[in-house]
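Undergrad: sequence and computational prediction follow.
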Amino acid sequence: MKITAILQRFRERVAVKLGLLLLSVFLLIIFSVGNILYSLFLNFYLSHVTEELVQRGHSHASVLSDHFFPVTIEHVIRMEKGSRFMVVILNKEGNVIASSASISPLQRDYLKEASGKKEGQENTIEKDWDTTPFLVSHSPIMQNGKTTGEVVMFSPTEPIRQAVRLLQWMLMITGIVTVLVVSGLLFIISRMVVRPLIEMKQATSEIAQGRYSTRVPVLGNDEVAQLAHSINHMSNEIQFYQNQRNEFLADIGHELRTPITYLKGYSEVLLRNDYTPDELTQSLTIIYEQSNRLQRLVQDLFDLARMEQGNFSFCFVPLSLEDVVTDVLSLVESSMDEKKISLEYEPPAMPMSIEGDKQRLEQVLLNILENARRYTPSGGKVYVRLNGTKTSAEIQIEDTGPGISSEELPFIMERLYRVEKSRSQETGGAGLGLAISKKIVEAHHGSLHVESEVGVGTKFTIQLPLKK
Ligand SMILES: Nc1ncnc2c1ncn2[C@@H]1O[C@H](COP(=O)(O)OP(=O)(O)OP(=O)(O)O)[C@@H](O)[C@H]1O
Ligand SMILES: [Mg+2]
């Protein structure tokens, strides 16, 4: 069971697959090349040996054709005595005149065959080097155009077989050594390719287990490196969202704690039953205000969550933007008056109609105007301007309040972000108004911008596309 499990794991590894694939290609190449080399060598060697045999026979026959005397015959025999060849000279009748070594019965059969050959026939009688002990050739001795004898040459085939065996061994050993070396190299190379993948696999499983700070080393700029880069980017993003979520939860906890503390404290006062009528009114007022605050906070969070999920339903209808603005202005007028803030409105030069959700657009304007009122001190001014181009409308809401520093400005539209971190009852918002406003404006295919200068004031600009 264990062995099959190990084999299974082995088979699942990319390095093994890649290595095996390359190795089989390599083996195929080595096998073909070896085969070609082997046949080339064998052909070349055999034709060399046979040719030498035939040539020697011919030259003896040619000498004997000129001088077919015992001295010459003796000379030829002596020449071959020391060599690896054997020569036999036959007379016209096929009887042996002389031979350089003793003749075996098998050789006698060849001699018979040689004497039966006609002039002009092939000179080699035996070419089979593998199963017979000799290669055999014959050359006729000619005098006055007639065959007067035969020179038969024998060459032992054992040296050929030895050479071939040696060649086979050499090829096999070379093959085995190359295969071993190459397989080692191939597995090293494929491991090198696969190692980054293994590292990435480990990194992603660590990320999946919540260790978001895990990073993969990025080497070079190839596809593997790009993948590593994407994984790092992904874990960065996850880490960022994880941090944001933690911060968000902490902030929400903080936001909920304040009103709940009030509610608890003042209801305790009422439960004690020894309050004065003034204390009763004060407690009830605070309980009422704090429940309102809690209700608004929960509603805002709910809206924001639904907008971020993209399933907040808007009711888009044709609207006059001027009507929306003037309706909201009439709502905030009295509270601005109360705080002695003057509200100035510049109407547009031409009518502006848009496609939008009236209630939600009013919510945006109310949020921004409420901020302007809340953060601008008494005696300040708030300007509201409505103008636009052929394709888009622009609403500017500018105040002469304290302004927002450039370090804080980029964050004020993030949810739960507030510039003044100490939460006084006076200016106590949850930091959700602008986040929601931005989402609403974006759902209208528009944009919300803010410019501000500390000590001078803040200007919000809403841009919305006009109805075509
Ligand atoms: N006109 C302004 N002048 C100065 N600071 C502003 C102005 N408008 C917004 N801010 C700063 O931006 C922060 C975020 O505003 P936002 O409307 O999102 O939250 P909030 O007013 O604090 O709370 P909420 O609107 O949820 O009641 C505010 O807390 C405030 O510090
Ligand atoms: Mg606000």
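TA: In hand now; what should we look at? Ligands and ions are numbered 1, 2, ... in the order given.
Undergrad: closest point of the stretch 101-250 of the chain to ligand 2, which residue?
TA: residue 248 (17.5 Å; C-beta to the ion). For the C-beta atoms, the positions are set from N, CA and C on the backbone; glycine is no exception.
Undergrad: and that residue, how many neighbours?
TA: 15 (other C-beta atoms under 10 Å).
Undergrad: am I right that it sits in a strand?
TA: No: secondary structure of residue 248 (DSSP: H, G, I helix; E, B strand; the rest coil): helix, not part of a strand.
Undergrad: what sits against the closest residue to it other than its chain neighbours?
TA: Leaving out its chain neighbours, the residue that sits closest to residue 248 by C-beta to C-beta, 6 or more residues apart in numbering is residue 416, at 6.5 Å. For residue 416, the contacting residues are 248, 251-252, 255, 430-432, 435, by C-beta atoms under 8 Å, 6 or more residues apart in numbering.
Undergrad: buried subset of those residues?
TA: 251-252, 255, 430-432, 435 (16 or more other C-beta atoms under 10 Å).
Undergrad: what residues does the protein put near ligand 2?
TA: Contacts of the chain with ligand 2, taken as C-beta under 5 Å from the ion, map to 371, 429, 433.
Undergrad: near ligand 1 too, which of those?
TA: When contact is defined as C-beta under 6 Å from any ligand atom, these meet ligand 1 at 371, 429, 433.
Undergrad: what about the first one, is that helix, strand or coil?
TA: Looking back up the chat, that one is residue 371. helix.
Undergrad: residues near it, how many?
TA: 21.
Undergrad: next one: the one 10 residues further on
TA: As a burial measure, residue 381 scores 16 neighbours (other C-beta under 10 Å).
Undergrad: equivalent analysis for residue 107, please.
TA: Count around residue 107 with other C-beta under 10 Å applied: 20.
Undergrad: now for the closest residue to ligand 2 within the chain: which residues touch it?
TA: Closest contact between the chain and ligand 2, by C-beta to the ion, is at residue 433 (2.9 Å). Listed by C-beta under 8 Å, 6+ apart, the contact set of residue 433 reads 300, 367-368, 370-371.
Undergrad: and the helix or strand residue 142 falls within, what does it pack against?
TA: Per DSSP states H and E: residue 142 is located in strand 134-143. Here strand 134-143 touches helix 14-66, helix 105-115, strand 124-126, strand 146-156, going by 3 or more C-beta pairs under 8 Å, 6 or more residues apart in numbering; DSSP states H and E.
Undergrad: repeat that for 10 Å
TA: helix 14-66, strand 86-91, helix 105-115, strand 124-126, strand 146-156 (3 or more C-beta pairs under 10 Å, 6 or more residues apart in numbering; DSSP states H and E).
Undergrad: can you tell me which of these is nearest to residue 304?
TA: helix 14-66 (45.7 Å; C-beta to C-beta).
Undergrad: helices or strands up against that closest one?
TA: Going by 3+ C-beta pairs under 10 Å, 6+ apart, helix 14-66 lies up against helix 2-11, helix 70-81, strand 86-91, strand 124-126, strand 134-143, strand 146-156, helix 158-208.
Undergrad: tabulate the ones you listed (TSV), appending mean neighbour count and distance to residue 100.
TA: Shown next, in TSV, are those (neighbours: other C-beta atoms under 10 Å; distance: least, C-beta to C-beta, whole Å):
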stretch	mean neighbour count	distance to residue 100
helix 2-11	9	65
helix 70-81	14	4
strand 86-91	22	5
strand 124-126	17	17
strand 134-143	22	13
strand 146-156	21	9
helix 158-208	14	17
